[in-house]
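Student: coords please:
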Amino acid sequence: MNHLTFLPYTTVQVSKESTYLGSAVLVKVENVFYVLTAAHVPFGEECEKYSEGLSSTLTYESEEIGKLTFIRELGDLEIYKTHDIVAIEVGARIQLASATLALSRSF
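Tutor: Presented below is the predicted three-dimensional model:
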């Protein structure tokens, strides 16, 4: 098996409107999908662009899966500044053999 075939499913582009901000990785933990990226990607080098709700206005897109739906941001500004990481819970729609499975967390 060539593991490189998984890259288009796991890499995510993060954008604000038509401006590319950076890349992220898509991971699945217990049937929940998360976009993991450096906090400076959405929030700037020192998180100076951070504001409540900013993450929900960004676009998260996988080459193979397509647009991912924002659900919630995990963590807080202190974590982002200290560790330069942010996790965003997202919903994903994955095409499997002509059947669409809606994969997202239920509330």
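Student: just say helix, strand or coil for Tyr80.
Tutor: The local conformation at Tyr80, judged by DSSP: H, G, I helix; E, B strand; the rest coil, is helix.
Student: can you list phi and psi of the closest residue in space to it that isn't next to it in sequence for me?
Tutor: Beyond its immediate neighbours in the sequence, the residue positioned closest to Tyr80 (CB to CB, 6 or more residues apart in numbering) is Ala39, lying 3.7 Å away. Every residue, glycine included, has its C-beta placed from N, CA and C. Note on Ala39: backbone dihedrals following degrees, to the nearest 10 are phi -60, psi -30.
Student: okay but Ala39 is in contact with Thr82, surely?
Tutor: No. Ala39 is beyond contact range of Thr82, at 9.2 Å (criterion: CB atoms under 8 Å).
Student: quick one: residues contacting Leu21.
Tutor: Counting by CB atoms under 8 Å, 6 or more residues apart in numbering, Leu21 touches 14-15, 41-42, 58.
Student: without its sequence neighbours, what residue ends up closest to it?
Tutor: Distances taken as CB to CB, 6+ apart put Val14 closest to Leu21, at 4.7 Å, once the chain neighbours are dropped.
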